[in-house]
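[1] Task: produce atomic coordinates for the following.
(chains A and B)
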There are 2 protein chains.
Amino acid sequence: MASGQFYLSCLVLGSLGSMCILFTVYWMQYWRGGFAWDGSIHMFNWHPVLMVSGMVVLYGAASLVYRLPQSWVGPKLPWKLLHAALHLMAFILTVVGLVAVFQFHSHSNIAHLYSLHSWLGITTVILFACQWSLGFAIFLLPWASLWLRSLLKPIHVFFGAAILCLSVASVISGINEKLFFSLKNATKPYASLPSEAVFANCTGLLVVAFGLLVLYVLLASSWKRPEPGILTDRQPLLHDGE
Amino acid sequence: MASGQFYLSCLVLGSLGSMCILFTVYWMQYWRGGFAWDGSIHMFNWHPVLMVSGMVVLYGAASLVYRLPQSWVGPKLPWKLLHAALHLMAFILTVVGLVAVFQFHSHSNIAHLYSLHSWLGITTVILFACQWSLGFAIFLLPWASLWLRSLLKPIHVFFGAAILCLSVASVISGINEKLFFSLKNATKPYASLPSEAVFANCTGLLVVAFGLLVLYVLLASSWKRPEPGILTDRQPLLHDGE
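    Numbering: from 1, shown residues only, chains lettered A, B, ... in the order given. This next block holds a predicted model:
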């Protein structure tokens, strides 16, 4: 496929990803009172921004490193380093985003980790930590055998995509939950769809659109680094099951 | 891969899928007052049961028809018919599940389609309707050319998996929302994790586990019908991007 189409997809992905972050920042700034780091509800506001930025947008971008045509030729190590470094940055943003919500809960005497959103979210972050550590130990450090790498690679790729799906599901349930918490007074209940609700619902759908486009480029597109010895590796991965 | 392992996966999938449905039925029966078809809250209780049964469990089973070793040889048409028929049954369950929630809303003067859960859910159902209709017209009716089929097949497979992801995200946000609605009195708030909350949160994680296992068998396993002319078709689909 022409690399022009690839860069067009990158443009769409970049625009969608930026909109996801900007919409979340605007929602928190305009309707939820902005940001602070003091244990208050304004500290909580960092949570959605950092989770969308880290667990969805930067995670998605980091996953797509091997789809860049420049990565198809030459040594793979620099691209592995970039892949690992971007995912580490995504993980750091995620951890800071967790600190924001845990400190807000502690400061306001709110129970931690009771909702399904939080159970799914924390499971996703733990899976991400395992995925990064195992990926680092097996694919970046030089000790693992080729046999072990080729055994674990499809599992690593599958869990990479699965963690993105779980992140998007966590974000959707989180936005839904936040709107039920915030829009409960009689003048502007969530059910009357005030402008904040419409805006935040659209933000959720943007996150879903970004996630689906990342998964498409990752799993179904033909933009892949050719593997030695696999002739049809440039074939789309999802080439079955009509 | 040995077909014994495939049937072991089927056993795990069948157990997980049955547990997803049984847990949802038990939740609605034991804690939410059971079922009726009269516009009351007991009519709403069909909604989670039918969405989990239709959009997740039966949809997942229908997606995996071409992974059965029996489908790898002989004519493909009977398997296409089974694939389309099971998906149609899943769609019918889904529509009845939507009728249950819409009639409950109308009967109780509750606004329709305001939450992000409902926006994502209805988007997923519309995508499912488009996917089924296009799949029927292109892959089951005999008019489409081979060129058109091979062009659309990766897109059909991708959207098949994507719709399952969106269904799981809708179910998670729906369970979360339902628990915030139901567990809001002072004696057993959601935040105190009463037994209902623990049970329903676990149901949500079971749905996630079922969805991930379906996606693994669909996308990353080597149990696939060999395509004529593609030598490496038995290779795992997710064979890239370490």
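
[2] quick check, the helix-or-strand element of chain A with minimal mean pLDDT touching chain B?
    Ranking every helix and strand in chain A by mean pLDDT, DSSP states H and E puts helix A:3-26 at the bottom, with a mean of 94. No - using Cβ under 8 Å from any Cβ of the partner chain, helix A:3-26 stays clear of chain B, coming no nearer than 12.9 Å. In this view, the C-beta of every residue, glycine as well, is placed from N, C-alpha and C.

[3] Using CSV, write down the CA coordinates of that helix.
    What follows is helix A:3-26, C-alpha atoms only, in CSV (Å, rounded to 0.1, in the frame of the first residue of the first chain):
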residue,chain,number,x,y,z
SER,A,3,3.1,5.2,2.1
GLY,A,4,1.0,8.3,1.2
GLN,A,5,-2.1,6.5,2.5
PHE,A,6,-0.1,5.5,5.7
TYR,A,7,0.8,9.1,6.4
LEU,A,8,-2.8,10.1,5.7
SER,A,9,-3.9,7.6,8.4
CYS,A,10,-1.2,9.1,10.7
LEU,A,11,-2.7,12.5,10.1
VAL,A,12,-6.2,11.3,11.0
LEU,A,13,-4.8,9.4,14.0
GLY,A,14,-2.8,12.5,15.2
SER,A,15,-5.8,14.7,14.8
LEU,A,16,-8.1,12.2,16.6
GLY,A,17,-5.6,11.7,19.4
SER,A,18,-5.0,15.4,19.9
MET,A,19,-8.8,16.0,20.0
CYS,A,20,-9.2,13.3,22.6
ILE,A,21,-6.7,15.0,24.9
LEU,A,22,-7.9,18.6,24.1
PHE,A,23,-11.6,17.7,24.6
THR,A,24,-10.8,16.0,28.0
VAL,A,25,-8.7,19.0,29.1
TYR,A,26,-11.4,21.5,28.0
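
[4] quick check, the helix or strand following that helix touching chain B?
    Under the assignment DSSP states H and E, the closest C-terminal helix or strand after helix A:3-26 is helix A:41-44. No - Helix A:41-44 is not in contact with chain B by Cβ under 8 Å from any Cβ; minimum separation 15.0 Å.

[5] Kindly report the same for stretch A:153-169.
    Yes - using Cβ under 8 Å from any Cβ, stretch A:153-169 reaches chain B at A:153-158, A:160-162, A:165-166, A:168-169.

[6] of those residues, buried ones?
    A:Lys153, A:Pro154, A:His156, A:Val157, A:Phe158, A:Gly160, A:Ala161, A:Ala162, A:Cys165, A:Leu166, A:Val168, A:Ala169 (16 or more other Cβ atoms under 10 Å in any protein chain shown).

[7] Next one: the first one, what pLDDT does it get?
    Each residue has a pLDDT score; the one for A:Lys153 is 95.

[8] Please apply the same query to the fifth one.
    At A:Phe158 the predicted local confidence, pLDDT, stands at 96.

[9] One more: the one 3 residues further on?
    Looking at A:Ala161, its pLDDT is 97.

[10] Next, the angle helix A:3-26 makes with the helix or strand where it lies.
    Element membership of A:Ala161, judged by DSSP H and E, is helix A:146-182. With axes from the mean of the first three to the mean of the last three Cα atoms, to 10 degrees applied, the angle from helix A:146-182 to helix A:3-26 works out at 40 degrees.

[11] For helix A:146-182, name the packing helices and strands.
    When contacts are defined as 3 or more Cβ pairs under 8 Å, 6 or more residues apart in numbering or on different chains; DSSP states H and E, helix A:146-182 packs onto helix A:46-51, helix A:59-63, helix A:116-135, helix A:195-215, helix B:116-135, helix B:146-182, helix B:195-215.

[12] let's go with 6 Å and repeat that
    helix A:116-135, helix A:195-215, helix B:116-135, helix B:146-182 (3 or more Cβ pairs under 6 Å, 6 or more residues apart in numbering or on different chains; DSSP states H and E).

[13] of all the ones you listed, which lies closest to A:Val25?
    The closest of the helices and strands packed on helix A:146-182 to A:Val25 is helix A:195-215. By Cβ to Cβ, the value is 10.1 Å.

[14] Return the distance of the closest one from the chain's centre.
    13 Å (Cα atoms, centre = their mean, to the nearest Å).

[15] same check, this time on stretch A:101-117
    22 Å.

[16] again with stretch A:134-148
    How far stretch A:134-148 lies from its chain's middle: 24 Å, per Cα atoms, centre = their mean.

[17] CSV for the buried ones among the residues of stretch A:153-169 next to chain B, including distance to B:Leu88?
    Converted to CSV, these look like this (distance: Cβ to Cβ, whole Å):
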residue, distance to B:Leu88
A:Lys153, 37
A:Pro154, 32
A:His156, 36
A:Val157, 32
A:Phe158, 29
A:Gly160, 33
A:Ala161, 28
A:Ala162, 28
A:Cys165, 25
A:Leu166, 29
A:Val168, 27
A:Ala169, 26
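
[18] what residue lies at the spatial centre of chain A?
    A:Val56 (1.8 Å; Cα atoms, centre = their mean).

[19] Quick one: residues contacting it.
    A:Ser167, A:Val207 (Cβ atoms under 6 Å, 6 or more residues apart in numbering or on different chains).

[20] Quick check: it vs chain B, distance?
    12 Å (Cβ to the nearest Cβ, to the nearest Å).

[21] do the same with A:Thr124
    From A:Thr124 to chain B the distance is 9 Å (Cβ to the nearest Cβ).

[22] Let me know the pLDDT of the nearest residue to that residue once chain neighbours are set aside.
    Distances taken as Cβ to Cβ, 6 or more residues apart in numbering or on different chains put A:Leu166 closest to A:Thr124, at 4.1 Å, once the chain neighbours are dropped. A:Leu166 is assigned a pLDDT of 98 by the prediction.

[23] Please apply the same query to A:Asp233.
    pLDDT, A:Asp233: 40.

[24] shaky segments in chain A?
    Applying pLDDT under 70 to chain A flags residues A:1-2, A:228-242.

[25] What's the local residue count around A:Ser40?
    14 (other Cβ atoms under 10 Å in any protein chain shown).

[26] swap in A:Lys188?
    15.

[27] Could you pull up the residues touching it?
    A:Pro194.

[28] mind running it again at 8 Å?
    Residues counted as contacts of A:Lys188 (Cβ atoms under 8 Å, 6 or more residues apart in numbering or on different chains) are A:Pro194, A:Glu196.

[29] tell me the phi and psi of it?
    phi -140, psi 70 (degrees, to the nearest 10).
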